[in-house]
Structures are given as C-alpha cells and as structure tokens.
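Asks: let's see this in three dimensions:
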Amino acid sequence: MRKFVSEGKSTVNMHKTKPKLFKIRSANNAKKYGVAAVCLKELIKKGCHLLKASSIGVHVCLYEDGTVVTEDYFQNLPDNTELVLLSEGESWNYGFVYEINQVLGLDRHTELLIDAARTLLSDEHSPKRRKIFGDLLRNLKDNSEVESRGEDKEWFEGIHVRFKTKSAYMKYNCESRIRGYLKEVDGQAKVISNAKTKNEYKKVAEILAEKLKAERYNGAYFDRSEKDVHRLCTEEGWFSCQGAFDVKECTYLHSINPYGNRESRIIFSTWNLDHIIEKKRTVIPTLVEALKKKNSSEINLDYFYKLLFTRENLKLVHIVCHKKGAHELNCDLRKTYKRVKK
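Replies: Numbering: from 1, shown residues only. Presented below is the predicted three-dimensional model:
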C-alpha cells in the first residue's frame, strides 16, 4: 500500500519518489550549491541552511526567467534545474539578463567582449544574429567619455578642422537642421501671388530669422555640455527616440549615443527632428492665411516660432518611427491660432 504525505495541494510519494538534484543560489551571490530534495519544502529547508538565510517568507524561482516554483511545478522540474532562493521582499532580475548586466557593468570585460563578438560575427551567417553582434560591437566601442579631437581622432574623421570638440560639432549639426527649416519658411514667399501678403510674409520671415539667430538656432538640443533643460540628451550624450508624432513614447526603445564613436555619429544623422503639427502642410499655410487678413505686426509670431523651430512641436525620432505621410491629428490649426492671444 502506497503512503502519501500531503504538501499543500500536492502529494508526494515518499517511497517511490527519488530525490531530484538542483543547483540553487541566492539573488545577490553567484555561487551555486548542489541540493537534493524530494519536495519543495525540503529544498527550501536545505537551501536556507546552505545560504544561511531565514526561512520566513522564502520562495523559489527559476534562474532563467523568474517563474515562481510551486510544489506541483517542482515535481515536473528536470534534474540540474537552476533555482534562486529569494528571501521575503526580494525579487529576481532574470538570470541571463542579470549575467549580461553584470558583465556589461564591468569595464574590465569590455575588450574581452569586443574580441568575442568579433569572433562570433566572423563565423555568423544568420542576418538577425549578425545584426545583434554588430550592434553590440558598435556600442562596446564607446569613447564618449572623451570630448576633444585630439583624444578621439577617429570620431572627427570627415569633419572640418574648425570643430575642436564633439559638443561643438553636435551643436552645429542641430543648428544646420533648424536652419533648414528656416530656409523652407523663406522659400514659401516665392509661391505667394498676392503682393501685399508676400510683403508681409517676408517681414515675418525676417523677424523669425532674427529671433532664431538670438537663440543660436536652438543648437543646444544636441549639445551635451548644455544644461539639461535645454538638451535632448543625457550628460553622457545618450539620445532616446521620442516615438512617432501620434504616440507618447517610442515602443521600440530606440536609443543612441553619437558621442560614442564615428559610426554612431553617422547613424544619428538619419534620426529626424519631426514636426508633430506639420510644417509644410499646416503651420506655414496657416501663417500665410493669417497674413491675408492681418499685417505682420498683428500676428502672434511667438506662436508660429514655437511651432516651427522648438521642442514644443518637434520630436526627435529614429528613422523607423518617422512617419512621412500626412499627420492626421484632427487639428485645425487655424481655429487653434484664433484662440491664441497676441
């Protein structure tokens, strides 16, 4: 006759069940211990003894993905499963992620990782894996802690000698983009047929140009040496995609540090400062329409300046998140403008 011992909702056949072998560790120590147990209760008891941990509120999870081990689940685990013993209030930062974080968080492993990634990449034929190794290599070859041309000559390859620091060039890069928007504003005057409206429009364009010049063409957005309220990057130079115009954040979690190496700098040039309310389709036409009825002195220029040249209407986006079609926002800018006081 079989004898069973009740363990919560599970039953364990004490005569037929052989002890299972497990590897157990704590959440804050990589050292693993071999444990043999026939049930979860026994495993926890032995684990607490080996790890010198209190048994109050203890639970066990899988090392690889954090799945909590119940008695029923325990009985289906194969030998040599890696487990983590967690004290009350502790959580497990999933095994492989934990190990990667440990390695990447230590600078002394960087050169070894680069060599390993290069070796694996040279023999890899899978496009997906090649991309993973390629991205890893690009980010590991990080030299963002240095700023001057003399300290990182490779980063400045192809850049005019007048730029002595990375921040100075990145600031210029942003200024160039904003200047491009101003050029588009100026160009609109050519297609305005009404002489009076064209004349008033040119006055507005000149005022906007002066205001933008005073703000140094908002080049601070890309300059990591600026105060954090002005820049779009971290102090180290990391930029995060802000997502497409019609979402609150980037679902792909795109990020890049163009200060890190030359390749990242070049890739960053494909990122866009995208107008949420479109510049050509909406903002400029609304400005022209307003000038048909009013003089330039009667227009709220600060309103249009913000929409055309500032973060109030600009989002930094990865090329994948840059939607080039019409921005259907259900936004009638003409009505919105009428509500804005001069």
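Asks: tell me where the stretch 51-200 of the chain has helices.
Replies: Taking DSSP state H, counting those that start in this stretch as the criterion, the stretch 51-200 of the chain contains helices spanning 71-75, 95-104, 110-123, 127-140, 166-187, 195-214.
Asks: ok, the stretch 201-342 of the chain next?
Replies: Listed in chain order, the helices of the stretch 201-342 of the chain (DSSP H, counting those that start in this stretch) span residues 262-268, 284-291, 301-309, 333-339.
Asks: dump the ones you listed into CSV; add mean neighbour count, distance to S193 and mean pLDDT as well.
Replies: Any C-beta I mention is one placed from the backbone N, CA and C, and that applies to glycine too. What follows is the helices of the stretch 201-342 of the chain, written out as CSV (neighbours: other C-beta atoms under 10 Å; distance: least, C-beta to C-beta, whole Å; pLDDT from 0 to 100):
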stretch, mean neighbour count, distance to S193, mean pLDDT
helix 262-268, 18, 40, 94
helix 284-291, 19, 11, 96
helix 301-309, 19, 21, 97
helix 333-339, 13, 20, 54
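Asks: turn the ones you listed into a markdown table, columns for distance to E90.
Replies: Listed next are the helices of the stretch 201-342 of the chain as a markdown table, based on distance: least, C-beta to C-beta, whole Å:
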| stretch | distance to E90 |
| --- | --- |
| helix 262-268 | 37 |
| helix 284-291 | 57 |
| helix 301-309 | 48 |
| helix 333-339 | 52 |
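Asks: how about the ones you listed, which one is nearest E235?
Replies: Nearest to E235, of all the helices of the stretch 201-342 of the chain, is helix 262-268, at 16.7 Å by C-beta to C-beta.
Asks: contact partners of that closest one?
Replies: Counting contacts by C-beta atoms under 8 Å, 6 or more residues apart in numbering, the residues outside helix 262-268 that touch it are 138-139, 141, 154-155, 157, 239, 256-259.
Asks: show me the residues you listed that map onto strands.
Replies: Mapping those onto strands (DSSP state E) picks out 239, 256.
Asks: quick check, nearest of the contacts of helix 262-268 to R231?
Replies: The shortest approach to R231 among the contacts of helix 262-268 belongs to F239, at 9.3 Å (C-beta to C-beta).
Asks: you'd agree that closest one is up against N272?
Replies: No: with contact taken as C-beta atoms under 8 Å, F239 and N272 are classed as non-touching, separated by 11.8 Å.
Asks: so which of the two has more stuff around it?
Replies: In this comparison of F239 against N272, neighbours counted by other C-beta atoms under 10 Å, the higher total goes to F239 at 24 against 17.
Asks: list the contacts for the more buried one?
Replies: For F239, the contacting residues are 232-233, 255-258, 268, 271, 316, taking C-beta under 8 Å, 6+ apart as the criterion.
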